Structure formats: structure tokens, C-alpha cells
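K.L.:
Sequence first, predicted model second:
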Number of protein chains: 2
Amino acid sequence: DRYSRYTFGHLNQKTSSGEGPGAASMSCGNVPTHCQSNHGTNNMASHHENAILFNEGSRAAKKKRESRLKGGGLRQFSNIVCQKLESKVRTTYNEVADEIVAEFSGARGDAAASSESDEKNIRRRVYDALNVLLALDIIAGDKKEIHWKGLPNTRIKDLEEIKALRLQLVNKIGKKVAYLKGLEEKVVADNETIMGWQYLIGGWKF
Amino acid sequence: DRYSRYTFGHLNQKTSSGEGPGAASMSCGNVPTHCQSNHGTNNMASHHENAILFNEGSRAAKKKRESRLKGGGLRQFSNIVCQKLESKVRTTYNEVADEIVAEFSGARGDAAASSESDEKNIRRRVYDALNVLLALDIIAGDKKEIHWKGLPNTRIKDLEEIKALRLQLVNKIGKKVAYLKGLEEKVVADNETIMGWQYLIGGWKF
DNA sequence: GTATGTTTCGCGCGATCC
DNA sequence: GGATCGCGCGAAACATAC
């Protein structure tokens, strides 16, 4: 039995720190400034290589699987980068990178040495994220400047289409309603006419 | 040949003309739209007309020399990955990766230069692309499957909203039509009744 | 459990472009 | 000489077999 040749393993949250399960992550403008530190006593001492996870129901709610440093990798940074870009509309690589770096070293509870390599890593990752965004045409880079564009026009197009359809329907309804109105009047009139006949005819029997 | 149109800094390098064998989506049903939308001179049709602008001539068997030998890096792969995902709606990492790898080795009509490292590289890059797509919630990774979702928030929401509205309208129309139908019948009946009265009343005058 | 193969991907060196 | 980022090593995370 070969390994499933086509598998896309644990793509869901991996080294997340405290996030909930990859639930409905609405928009990319949602980076919960995590970095919520642990409880009281720091527990960040550099242990040996392996920090085997104990039982879940232990003393404190231990984090998930902490990788090397920080929260995660490209995944997390992409989110943050996206958020920044979206909120700024126009910015630069350095601005984004600086902010993210600051965010990471500033927060995070206590003595978590924000080594220089961490900053390097973050900056490298920001490039990755930006490149993908650029490739997807979600942002545009014009000589050092980054502009937040929109999402590819595919959706917009659909939306426009649907909206047009809606209008058509509304229009149709209008017509139907008008027609109906006329009919009702006619019915009423007819009824009156009938009533008239009935009155004239009086109580005659047939 | 460098296109310094967009992109901040210089996240660009040779454009390598036609990238792949023209057909980017040649698997199954595809959607008319795709991610990429910019790129001025986008002329995909060149089969074996590779315009490698860098040294390429004779010595190519090297391995340490010259880095950028393919089209590009993350940027390009992101685009391709995105296209694939969008056209498939549901797929897996391996499917996408395999296709891209094939696409790349298939093109380039000459010596089998599709070294193993190239494939490795591509596969590694696909992970990167997928990860940011995941982070942006543009796709969803469920177990081993990848689903193409849409572009973030608002658009989708609006779309969904409009669609619901449309349904409501359609429903309304249905009801109106039914009512109308009934009315028409009634009118007909009434008319008949009136005719009946008229007949009975005969030629009397009032 | 242990051993072993596979998948996912953190991370950063150093080539390249400016 | 700094800005960009290609590229791939190797270690977790995961799966399966023993």
C-alpha cells in the first residue's frame, strides 16, 4: 500500500499559538494580534531539542506544537501582510515589514528574545507573501510602492451579472403586477355588472 | 526584456515569454476567467520559441552556475497554481504540482533538462503558493482536498446576498403568476356568466 | 512502542539586481 | 552595499508497517 500519492496533509493550522481551529476566517483583515503570552511564570527556557507534548489535560493549557520560533511561517505572515496592505491602500515593503517586525517583538509576553534572525526571517517571508499577492493581482507594485487593488475581477463580473438579472426580474414583476392590477379592476367591474344584472333581474327564477 | 511596469523594487526578472505550452488549463472543464490579468504583452502561443535572455547557449549542464533558469520563482508558480485551483474547484496538492511539473518539463523543446531538482523546486514553491492562498482564505484545505473558495469577504457576501434576493424574487413571481392564473379563470367564468345573463335577458332594453 | 517512508514547510544562505 | 528573492536543506508532522 503506497502512500496516498495525492495528499495534501495537515494544511490547516499548524503552529498556531492560540487560534481556534481554522474556523470561518472572515476576510483577510483578521489577524487577532495573538501574541497573548502565557500565564505567569515563563516557560520558555530553551530545552532540549524535543519538547514532547504531554497530555492535554495537564496543568495549564499548553500550546499546540511550537515549531522553532514564533507562531508560524508563511501562512501567518501572509495574513498579516494582507491586512496591512488592505488597511493602508498604499504603502511600501519596508513599512509593512517594519510594522510586522515591531508587532512581533513588541508583543509576546515576556522575555522572548527577538533575535535578529527572527527579523530577517520575517522580512524574507514578507517578500514571499507580497510576491504571491502580486502574482494574483490583488496588489500592484509600482516602483517601491504597493497598492491594494481588489480581488480579481472574476467575482465582480459575476456580481454584476447577477445584479443585472435581478433588475430584469424586478422589472418583470412590475409588469406582472400592473397587468394584475388591470385584471383586478376588470373583475371588479364585471362583478358590478353582474350585480347590476342581478338587481335588474330581481328575484326571478330560472 | 525586463518589465519594470509594476512590481515594487525589482521583483522581476526575465519574463521568459510563453512560460508553458500555451495551454494552462487543459485538464478538465475550466472557467473563463483566471487569476492573472495584467501583464501587458501577454501572448501565449509560442510553443518552442523560448526567449531566454540570459546566458543559455552551450553550457547548461552546470548546476551551480546561473540561478534563474526557469521562468521565475514564487511569482510565476503562484499564478499557475491559482489558475489550476480556480479551474478545478476541487483538487489536491499533488494533482496541481504534478500538472505544473509536467507543464514545465513538457515545454522547452529540447534536451531533457528537467532535472530532478527542478521538480523539487516546483513542488516546494507550490506549497508556498498554496499556503498564502490558504491564509487569505481564497482556498480552503479540508483534509487533503483543496477547495477553491472565492476572494475574500465583502464580494462574496454581497454576491450571496444578491443571489438570495434573486431567489426571493423568483419565488414571488411564481406566486403572482399563480394568482394571476386564477384571476384569469375567474374572469373568463364571469364573462361567461355575463353572457348567460345577456342571453337570458335577451333583447330587452332598459 | 520502534522503525521507516512521506508530506509539509521553516528558514536562511548567497546570487542577483539596483 | 542594500534590496530582492531563488532555491533547497533538513527537520517537524504525519502515516504506516513492524
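P.N.:
Structure received. In this text, all values refer to a predicted model and were calculated from it rather than measured experimentally.
K.L.:
Just list what the lowest-mean-pLDDT helix or strand in chain A packs against, helices and strands only.
P.N.:
The weakest-scoring helix or strand in chain A, judged by mean pLDDT, DSSP states H and E, is helix A:153-201 (a mean of 72). Judged by 3 or more CB pairs under 8 Å, 6 or more residues apart in numbering or on different chains; DSSP states H and E, the packing partners of helix A:153-201 are helix B:153-201. Quick note: C-beta positions are derived from backbone N, CA and C, even for glycine.
K.L.:
what residue ranges in chain A score low on pLDDT?
P.N.:
Residues of chain A that meet the criterion pLDDT under 70 lie in A:1-71, A:106-114, A:151-160, A:198, A:200-206.
K.L.:
Which residue ranges of it form helices?
P.N.:
A:74-88, A:93-106, A:116-135, A:153-201 (DSSP state H).
K.L.:
Out of those, flag the one nearest A:E145.
P.N.:
Nearest of those to A:E145, taken as CB to CB: helix A:93-106 at 9.2 Å.
K.L.:
Out of the helices of chain A, which one sits most buried?
P.N.:
Of all those, helix A:74-88 carries the top mean neighbour count, a mean of 23, counting by mean count of other CB atoms under 10 Å in any protein chain shown.
K.L.:
got the angle between it and helix A:93-106?
P.N.:
Interaxial angle, helix A:74-88 versus helix A:93-106 (axes from the mean of the first three to the mean of the last three CA atoms, to 10 degrees): 120 degrees.
K.L.:
Is helix A:74-88 in proximity to chain B?
P.N.:
Yes. Contact of helix A:74-88 with chain B (CB under 8 Å from any CB of the partner chain) involves A:74-76, A:78-79, A:82.
K.L.:
and of those, the nearest to A:A129?
P.N.:
When these are compared for distance to A:A129 (CB to CB), A:S78 wins out at 4.2 Å.
K.L.:
which residues touch that closest one?
P.N.:
A:128-129, A:132-133, B:131-132, B:135-136 (CB atoms under 8 Å, 6 or more residues apart in numbering or on different chains).
K.L.:
Among those residues, which ones lie close to DNA strand C?
P.N.:
The subset of the contacts of A:S78 lying close to DNA strand C, counting by CB under 7 Å from any atom of the strand, consists of B:N131.
K.L.:
What is the nearest of the contacts of A:S78 to A:A178?
P.N.:
Nearest member of these to A:A178, counting by CB to CB, is B:L136, at 47.3 Å.
K.L.:
quick one, domains of chain A?
P.N.:
Per the record, chain A has its domains at A:8-151, A:153-206, by automatic domain parsing.
K.L.:
so what's the backbone phi/psi at A:D137?
P.N.:
Torsion angles at A:D137 (phi, psi; degrees, to the nearest 10) stand at phi 70, psi 30.
K.L.:
With B:L134 as the reference, measure out to it.
P.N.:
18 Å (CB to CB, to the nearest Å).
K.L.:
Straight-line length of stretch A:103-115, end to end?
P.N.:
14 Å (CA to CA, to the nearest Å).
K.L.:
which non-adjacent residue is nearest A:E95?
P.N.:
A:K88 (7.5 Å; CB to CB, 6 or more residues apart in numbering or on different chains).
K.L.:
For the residue of chain A at minimum distance from DNA strand C, which non-adjacent residue is spatially closest?
P.N.:
Here chain A gets closest to DNA strand C at one residue, A:G73, 1.9 Å apart by CB to the nearest atom of the strand. Spatial nearest neighbour of A:G73, excluding adjacent residues (CB to CB, 6+ apart): A:R125 at 6.8 Å.
K.L.:
Next up, the contacts around that neighbour.
P.N.:
A:73-74, A:77.
K.L.:
Just give me the neighbour total for A:H147.
P.N.:
15 (other CB atoms under 10 Å in any protein chain shown).
K.L.:
partners of it in the sheet?
P.N.:
Taking DSSP bridges, one obtains A:R90, A:A140 as the residues bridged to A:H147.
K.L.:
what residues are up against it?
P.N.:
A:89-90, A:139-141.
K.L.:
Scan those residues and report the most crowded one.
P.N.:
Highest neighbour count within those: A:I139, with 25 neighbours (other CB under 10 Å).
K.L.:
with the contacts of A:H147 in mind, which one is nearest to B:K186?
P.N.:
Of the contacts of A:H147, the one sitting nearest to B:K186 (CB to CB) turns out to be A:V89, at 60.8 Å.
K.L.:
Which residue, other than its chain neighbours, is closest to that closest one?
P.N.:
Using CB to CB, 6+ apart, the closest residue to A:V89 is A:W148 (5.0 Å).
K.L.:
give the contact list for the one you found.
P.N.:
A:W148 neighbours (CB under 8 Å, 6+ apart): A:85-86, A:88-90, A:138-139.
K.L.:
Out of the helices of chain A, flag the one nearest B:G174.
P.N.:
helix A:153-201 (10.7 Å).
K.L.:
Could you check the angle that closest one makes with helix B:74-88?
P.N.:
30 degrees.
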